[in-house]
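In: Got a predicted structure here, sequence first:
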Amino acid sequence: MEPVNQIEGRAYPFGQKNVDTDVIIPAHWLKTITREGLGRGAFESIRKDPDNLFDSAEFSGSPILVAGDNFGCGSSREHAAWALLDLGVKAVIAPSFSDIFSGNAFKNGILTVVLPQAAVDRLVEVARTDPIHIDLENQTVTTPFQDRFSFEIDPFRKHCLLNGLDEVGLTMARDAQIAAFEGTVREERPFLANGVLAAA
């Protein structure tokens with residue numbers, strides 16, 4: 001997982017409320033066994049409109065999505081996070097998120113920023129013409145117009161995102177402690193030597 005800290009650029013001024021995971025990535029895209037290419041299916045129903053936001057040359061590849069309340073509701077498909085990543089989105093700003101979507105986003109290195117509706121409305125307005133800057137270390141969202149919005153984030157999630165640590169990375173970071181524990185068990189409980197530890 002890539003470390004996340006400073007995210008800056010144009011943002012999709014989306015703003016829609018109650019966008020469920022079936023809108024983010026429709027069910028017929030879930031047959032794939034790879035994460036690559038899901039960006040083509042992201043917001044497929046919205047992209048049927050030739051003037052849609054996601055295929056606009058002005059916003060294409062934007063690293064930030066500004067969304068409405070209850071973003072990511074509906075089914076628990078992790079493909080929604082994969083599709084956003086493949087679309088190039090590294091952060092989503094909204095007044096609230098579905099808990100499951102927020103968890104899936106975090107595990108895949110997408111920063112979810114919760115801000116009050118008034119702040120989100122302002123960011124939608126700014127995003128139509130100018131870039132937005134997110135600073136995870138300082139937990140702020142700023143604009144070229146001196147707007148500055150502070151956000152809260154779970155300290156554990158912040159640590160993992162800043163250091164690019166997914167669940168595998170967190171386990172590997174404790175490799176020395178795991179090896180020491182296994183060595184101690186081999187010495188103190190040799191009767192386990194023919195079991196799982198012997199194969200380790």
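Out: Everything's here; your move.
In: and the chain, what are its domains?
Out: 6-165, 166-200 (automatic domain parsing).
In: what is the mean pLDDT for the longest one?
Out: When pLDDT is averaged along domain 6-165, the result is 96.
In: Ends of it, what's the gap?
Out: Start and end residues of domain 6-165 are separated by 16 Å (Cα to Cα, to the nearest Å).
In: starting at the chain centroid, how far to that domain?
Out: Put simply, domain 6-165 sits 7 Å off its chain's centre (Cα atoms, centre = their mean, to the nearest Å).
In: can you check the shortest one too?
Out: The gap between where domain 166-200 is centred and where its chain is centred comes out at 32 Å by Cα atoms, centre = their mean.
In: Just say which of the domains of the chain is most tucked in.
Out: The highest mean neighbour count among these, using mean count of other Cβ atoms under 10 Å, belongs to domain 6-165: a mean of 18. Just so you know, the C-beta spots here come from the backbone N, C-alpha and C atoms, and that holds for glycine as well.
In: Scan this protein for its longest helix.
Out: helix 175-188 (DSSP state H).
In: helices or strands up against it?
Out: helix 196-199 (3 or more Cβ pairs under 8 Å, 6 or more residues apart in numbering; DSSP states H and E).
In: who are the neighbours in contact with the residue sitting nearest the centre point of the chain?
Out: For the chain, the residue nearest the mean C-alpha position is Ile110 (1.8 Å; Cα atoms, centre = their mean). Applying Cβ atoms under 8 Å, 6 or more residues apart in numbering to Ile110 gives the contacts Ala81, Leu84, Leu85, Val89, Lys90, Ala91, Val92.
In: Quick check: the two most widely separated of those residues?
Out: The span of those, defined through Cβ to Cβ, is set by Ala81 and Ala91 at 12.0 Å.
In: ok, for Arg122, nearest residue in space, not its chain neighbours?
Out: Spatial nearest neighbour of Arg122, excluding adjacent residues (Cβ to Cβ, 6 or more residues apart in numbering): Asp147 at 6.1 Å.
In: Dump the contacts of Ile110 into a markdown table; add distance to Val185 as well.
Out: Listed next are the contacts of Ile110 as a markdown table, based on distance: Cβ to Cβ, whole Å:
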| residue | distance to Val185 |
| --- | --- |
| Ala81 | 37 |
| Leu84 | 42 |
| Leu85 | 39 |
| Val89 | 44 |
| Lys90 | 41 |
| Ala91 | 43 |
| Val92 | 43 |
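In: Tell me the one of those nearest Ala42?
Out: Distances from Ala42 to the contacts of Ile110, taken by Cβ to Cβ, are shortest for Leu84, at 6.5 Å.
In: Give me the secondary structure label for that closest one.
Out: Three-state assignment for Leu84 (DSSP: H, G, I helix; E, B strand; the rest coil): helix.
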